[in-house]
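S.K.: Need a 3D model of the sequence below.
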Amino acid sequence: MKLKNLLLAFAFVAFGNSVMAQGSGTYGLPKKKDFDRLSLGLGLGVNWFQGDVQSGSENNSGIWDNIKNPVLGLKVGYQISHSVQLNLRGQYTKFSGEKRDRINYPNAVTGPIKTSGFVEFESQIMQGTFNLNYTFGNISFLQRNKRFHMYGEIGAGVFTFATKVDLSDYDSDKKGAVPGTTVEIVDHSPVMEGLVAAGLGFKYQIKRFDVGMLFTFHKTLTDNIDQVYKEDTESDNFSYVTANVNYTFGKKSAMMEWVNPMEVVYSDMADLKDKMDVMSGDKDKDGVSDLFDKDNSTSEGVKVYGDGTSVDSDGDGIADTKDTDPFSAKGAKVDASGVETDTDGDGVPDSRDLEPVQPKEIL
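M.R.: Numbers count the residues shown, from 1 in each chain. The predicted structure follows:
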């Protein structure tokens with residue numbers, strides 16, 4: 001019997017949920033229109049140029065010496081799902097480096113010229129990329145609606161560079177250029193080239209803002225950024241490490257990027273469980289489930305109606321369990337114990353007393 005009631009309860013709740021889902025949208029997976037999706041971000045960091053001319057030791061292994069110039073960035077993002085974002089990034093920076101080496105540098109008249117000495121270069125960089133961003137945090141089933149997210153990003157775009165190169169005699173004692181020997185050998189006008197980018201980062205939500213860090217590697221399609229050519233290099237590449245802050249626009253209660261779509265499923269399941277508990281529960285054990293029981297505190301064993309309220313045979317407002325006279329006349333006034341009122345105290349209830357207010361001295 002209990003199993004049958006439980007199955008009936010489940011069917012009732014399932015039907016009710018389907019109706020509510022169609023009518024109000026309360027149940028089911030969230031809709032895109034329910035969330036804010038447009039964001040704007042700013043970034044500030046440093047670059048690491050990975051080309052032919054780098055600062056540091058003579059064998060070109062001084063990585064930290066090449067992480068030095070600032071990067072400024074702007075990002076516009078649009079969330080197309082809870083985990084995927086499309087964004088446009090624009091960034092400005094400067095590359096520079098110096099080293100003692102044998103080099104080939106361009107010459108419009110004679111072609112590449114081979115020489116050696118102390119080489120210094122500087123190049124202004126402007127770039128734009130179109131990126132696909134994937135947030136890992138929103139696929140977690142263990143912790144819902146995380147404020148901390150890891151994400152990956154891939155993209156492609158173009159950049160421009162305008163390079164100047166100086167060549168000097170090398171001072172081995174000072175590990176630098178000999179004063180007065182510097183000659184400008186390249187002063188190139190801006191050139192546009194293509195690149196592909198891949199990044200990995202993290203971010204933390206603070207209301208409508210999020211802050212985080214992003215490392216991005218850029219593979220270029222040119223070996224000319226520093227205007228120095230070496231046979232053992234195919235391209236001049238570079239990386240950025242930036243600190244970022246983003247703001248999501250809109251007036252809705254939730255931002256798509258920070259909502260786990262499974263949260264709605266979890267919530268619906270919890271709601272269904274609560275309803276099932278109510279449907280199958282019967283606190284006062286009167287045979288009426290708590291969901292429909294208007295009085296779930298009736299005494300055990302008391303007869304009740306279908307709504308869980310105690311039976312009142314004469315309809316006088318006093319349940320039979322407390323009614324001294326459970327069969328008083330319909331409509332008759334009764335006292336707290338269910339007994340009909342006898343105003344003059346003559347032993348005849350008012351409902352049958354032809355003279356309900358007869359003076360006591362006549363009795």
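S.K.: Okay, strands next: where are they in the stretch 101-250 of the chain?
M.R.: Per DSSP state E, counting those that start in this stretch, the stretch 101-250 of the chain carries strands over the ranges 113-135, 148-168, 170-171, 176-177, 183-187, 191-206, 209-220, 237-248.
S.K.: Direction included, what does the third one pair up with?
M.R.: According to DSSP bridges, strand 170-171 has the following sheet partners: strand 176-177 (antiparallel).
S.K.: now the partner strand: mean pLDDT?
M.R.: Per-residue pLDDT over strand 176-177 has a mean of 66.
S.K.: Tell me which of the strands of the stretch 101-250 of the chain lies nearest to residue 35.
M.R.: With respect to residue 35, and counting by CB to CB, the nearest of the strands of the stretch 101-250 of the chain is strand 237-248 at 9.3 Å. The way it works is simple: take the backbone N, C-alpha and C, and place the C-beta from them, glycine included.
S.K.: got the buried residues for the closest one?
M.R.: 237, 238, 239, 240, 241, 242, 244, 246, 248 (16 or more other CB atoms under 10 Å).
S.K.: returning to what we had before: lowest mean pLDDT across the strands of the stretch 101-250 of the chain, which one is that?
M.R.: strand 176-177 (a mean of 66).
S.K.: For residue 48, find the nearest of the strands of the stretch 101-250 of the chain.
M.R.: strand 237-248 (4.5 Å).
S.K.: what's the angle from the closest one to strand 191-206?
M.R.: Per axes from the mean of the first three to the mean of the last three CA atoms, to 10 degrees, the angle that strand 237-248 makes with strand 191-206 is 40 degrees.
S.K.: what angle do strand 237-248 and strand 209-220 make?
M.R.: 160 degrees.
S.K.: So which elements touch strand 237-248?
M.R.: strand 38-50, strand 67-79, strand 84-105, strand 191-206, strand 209-220 (3 or more CB pairs under 8 Å, 6 or more residues apart in numbering; DSSP states H and E).
S.K.: same thing but at 7 Å, please
M.R.: strand 38-50, strand 67-79, strand 209-220 (3 or more CB pairs under 7 Å, 6 or more residues apart in numbering; DSSP states H and E).
S.K.: Columns mean neighbour count on top of the ones you listed, output as JSON lines?
M.R.: Shown next, in JSON lines, are the helices and strands packed on strand 237-248 (neighbours: other CB atoms under 10 Å):
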{"stretch": "strand 38-50", "mean neighbour count": "19"}
{"stretch": "strand 67-79", "mean neighbour count": "17"}
{"stretch": "strand 209-220", "mean neighbour count": "19"}
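S.K.: Quick one: closest of those strands to residue 268.
M.R.: strand 67-79 (22.6 Å).
S.K.: which residues touch that closest one?
M.R.: Strand 67-79 is contacted from outside by 37-48, 85-96, 240, 242, 256-257, using CB atoms under 7 Å, 6 or more residues apart in numbering.
S.K.: That strand pairs with which strands, and in what direction?
M.R.: strand 38-50 (antiparallel), strand 84-105 (antiparallel).
S.K.: and the ones you listed, which one's lowest on average pLDDT?
M.R.: The bottom spot among the strands paired with strand 67-79, by mean pLDDT, belongs to strand 84-105, with a mean of 85.
S.K.: what about dumping the CA coordinates of that one to PDB?
M.R.: In PDB, the C-alpha atoms belonging to strand 84-105 read as follows (Å, rounded to 0.1, in the frame of the first residue of the first chain):
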ATOM      1  CA  VAL A  84      32.200  29.300 -23.600                       C
ATOM      2  CA  GLN A  85      32.900  33.000 -24.300                       C
ATOM      3  CA  LEU A  86      33.900  34.800 -27.500                       C
ATOM      4  CA  ASN A  87      36.100  37.800 -27.000                       C
ATOM      5  CA  LEU A  88      38.100  40.400 -28.800                       C
ATOM      6  CA  ARG A  89      41.400  41.500 -27.300                       C
ATOM      7  CA  GLY A  90      43.500  44.600 -28.200                       C
ATOM      8  CA  GLN A  91      46.900  45.100 -26.700                       C
ATOM      9  CA  TYR A  92      49.800  47.500 -26.900                       C
ATOM     10  CA  THR A  93      53.400  46.900 -25.800                       C
ATOM     11  CA  LYS A  94      57.000  47.400 -26.800                       C
ATOM     12  CA  PHE A  95      59.700  44.800 -27.400                       C
ATOM     13  CA  SER A  96      63.400  45.500 -26.900                       C
ATOM     14  CA  GLY A  97      66.600  43.600 -26.500                       C
ATOM     15  CA  GLU A  98      70.400  43.600 -26.900                       C
ATOM     16  CA  LYS A  99      73.100  41.100 -27.400                       C
ATOM     17  CA  ARG A 100      76.600  40.500 -28.800                       C
ATOM     18  CA  ASP A 101      76.300  38.300 -31.900                       C
ATOM     19  CA  ARG A 102      76.800  37.700 -35.500                       C
ATOM     20  CA  ILE A 103      73.700  38.800 -37.300                       C
ATOM     21  CA  ASN A 104      72.000  39.100 -40.700                       C
ATOM     22  CA  TYR A 105      70.000  42.300 -41.100                       C
END
